[in-house]
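> below: sequence and its predicted model.
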Amino acid sequence: MLVSTETISLQTEGFCHLVDITAMTQERVQQSGMTQGIAAVFVPGSTGAVLTLEFEDGLVHDFQRLMEQLAPQKIPYEHDRRWGDGNGFSHIRSALMGASAVVPVVDGRLALGTWQQLLFADFDNRKRQRTVIVQLLGE
Amino acid sequence: MLVSTETISLQTEGFCHLVDITAMTQERVQQSGMTQGIAAVFVPGSTGAVLTLEFEDGLVHDFQRLMEQLAPQKIPYEHDRRWGDGNGFSHIRSALMGASAVVPVVDGRLALGTWQQLLFADFDNRKRQRTVIVQLLGE
Amino acid sequence: MLVSTETISLQTEGFCHLVDITAMTQERVQQSGMTQGIAAVFVPGSTGAVLTLEFEDGLVHDFQRLMEQLAPQKIPYEHDRRWGDGNGFSHIRSALMGASAVVPVVDGRLALGTWQQLLFADFDNRKRQRTVIVQLLGE
């Protein structure tokens, strides 16, 4: 059995910045030598998320609009009233979108669709240095 | 260790068509001989999703209403303006709902609740031939 | 290879009651002796969810408001019209939030961020006795 903990380091801009981590994740799979299994991609933090999306400028814009519609930046949040962080919207978007995604690995490749990319979303209200964990399980 | 890649083929109608894949997934688990582990169910595509729901007509209707409320079909999407696909709403619903679900397998059975079914959602704007991947890991 | 099925029993209040299950999940990881792998946390039921959130009163309030905004308790649901359960909103919130979360285990610890807790959300419309499944895979 192969269990391998890989990481991806990112410099992010916040405010619903979407970063395509498909190639970096695929690279980690290849380096590990795993041919069959899963990649459990996880954000160790409460203001980010992992998702899949066709990564093109139109959908990036549409997704950012969805986040602004569901959890607007400018409405009052109890989190901000208590802690003064100003990033209540970031936490709420993160909870809604989820910190983990699990992608099967088949014949050494992430089994993504042709137009499907694996993205890290940074919902925070400032630039961040981020680490995404790619936990590989298989053989 | 058992790692097995199973697939489920579906003919879908699009427009938030929900298909109950519980029995097909359970069948794949049994055929593999796995007794303890996980089933990572994944849609290799950017206009579908995997979710759990009590599969009855009332909730199917309620869920379709939720999707229409959160990402309406008829509003303008940047994706459609750039690519002319007309399925911007499909991509956005897919990103929101997620491409993967992980269900524990205990004593050879998917550990679902009594009223909980595993569903494939096709959000696209046309009929599709779909493949869902069921990645089994365990023993 | 280590595969271990652990459970967490909870007495919940319903109506978007959030319970921090981080310590209980970590305890299960330690008892299993697993040092590297994943914890697949799953709700076997169609009116609950597993999510990650910074668990503090402000965000609990903000998250409950989000759920009320996206799937209000008081609007009519087809589920309720047909079955009379009165918990259509609970099912819809559960479908949206998802029944599973996968957290990497690294050096015997859940790889959560400092301000990131693992929560069970009970969306039902009554008190419940709940069981959450923690499926551990690794070594």
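Arrived safely.

> distance of A:Gly88 from B:Asn125?
Separation of A:Gly88 from B:Asn125 (Cβ to Cβ, to the nearest Å): 35 Å. The C-beta positions use only the backbone N, C-alpha and C, and glycine is treated the same way.

> now the strands: where do they sit in chain A?
A:2-12, A:17-20, A:37-42, A:48-53, A:100-106, A:109-110, A:117-122, A:128-138 (DSSP state E).

> could you give the average pLDDT over the fourth one?
Spelled out, that is strand A:48-53. Throughout strand A:48-53, pLDDT has a mean value of 98.

> restrict it to CA atoms and write it as CSV.
Only the C-alpha atoms of strand A:48-53 are listed here, as CSV (Å, rounded to 0.1, in the frame of the first residue of the first chain):
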residue,chain,number,x,y,z
GLY,A,48,-10.3,28.5,1.5
ALA,A,49,-11.9,25.7,-0.5
VAL,A,50,-11.1,23.1,-3.1
LEU,A,51,-13.4,22.7,-6.0
THR,A,52,-13.6,21.5,-9.7
LEU,A,53,-14.6,23.9,-12.5
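
> what about it, near chain B?
Yes - among the residues of strand A:48-53, A:51-53 lie within reach of chain B under Cβ under 8 Å from any Cβ of the partner chain.

> and the residue nearest to A:Gly88 when sequence neighbours are not counted, how far from B:Thr7?
Leaving aside its chain neighbours, A:Gly88 sits nearest to A:Tyr77 (2.6 Å; criterion: Cβ to Cβ, 6 or more residues apart in numbering or on different chains). As judged by Cβ to Cβ, A:Tyr77 and B:Thr7 stand 43 Å apart.

> mind listing what's buried along stretch A:123-136?
By neighbour count on 16 or more other Cβ atoms under 10 Å in any protein chain shown, the buried set for stretch A:123-136 is A:123-125, A:128, A:130, A:132-136.

> quick check, A:Val103 in contact with B:Phe42.
Yes - the criterion here is Cβ atoms under 8 Å, and A:Val103 meets it with B:Phe42 at 6.4 Å.

> who touches both of those two?
Shared contacts of A:Val103 and B:Phe42 (Cβ atoms under 8 Å, 6 or more residues apart in numbering or on different chains): A:111, B:99-100.

> export the residues you listed to JSON lines and tack on distance to chain C and neighbour count?
Converted to JSON lines, those look like this (distance: Cβ to the nearest Cβ, whole Å; neighbours: other Cβ atoms under 10 Å in any protein chain shown):
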{"residue": "A:Ala111", "distance to chain C": "16", "neighbour count": "20"}
{"residue": "B:Ala99", "distance to chain C": "11", "neighbour count": "27"}
{"residue": "B:Ser100", "distance to chain C": "9", "neighbour count": "26"}
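
> can you redo those residues as a markdown table with distance to B:Thr35?
Formatted as a markdown table, the shared contacts of A:Val103 and B:Phe42 follow (distance: Cβ to Cβ, whole Å):
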| residue | distance to B:Thr35 |
| --- | --- |
| A:Ala111 | 24 |
| B:Ala99 | 27 |
| B:Ser100 | 22 |
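
> from those, pick the one nearest A:Leu70.
B:Ala99 (19.0 Å; Cβ to Cβ).

> and the longest helix seen in chain A, what does it pack against?
With secondary structure taken from DSSP state H, chain A has its longest helix at helix A:57-70. Applying 3 or more Cβ pairs under 8 Å, 6 or more residues apart in numbering or on different chains; DSSP states H and E, one finds that helix A:57-70 contacts strand A:17-20, strand A:48-53, helix A:88-97, helix B:57-70, helix B:78-83, helix B:88-97, helix C:57-70.

> mind listing what's buried in the last one?
Buried positions in helix C:57-70, judged by neighbour count with 16+ other Cβ under 10 Å: C:58-67, C:70.
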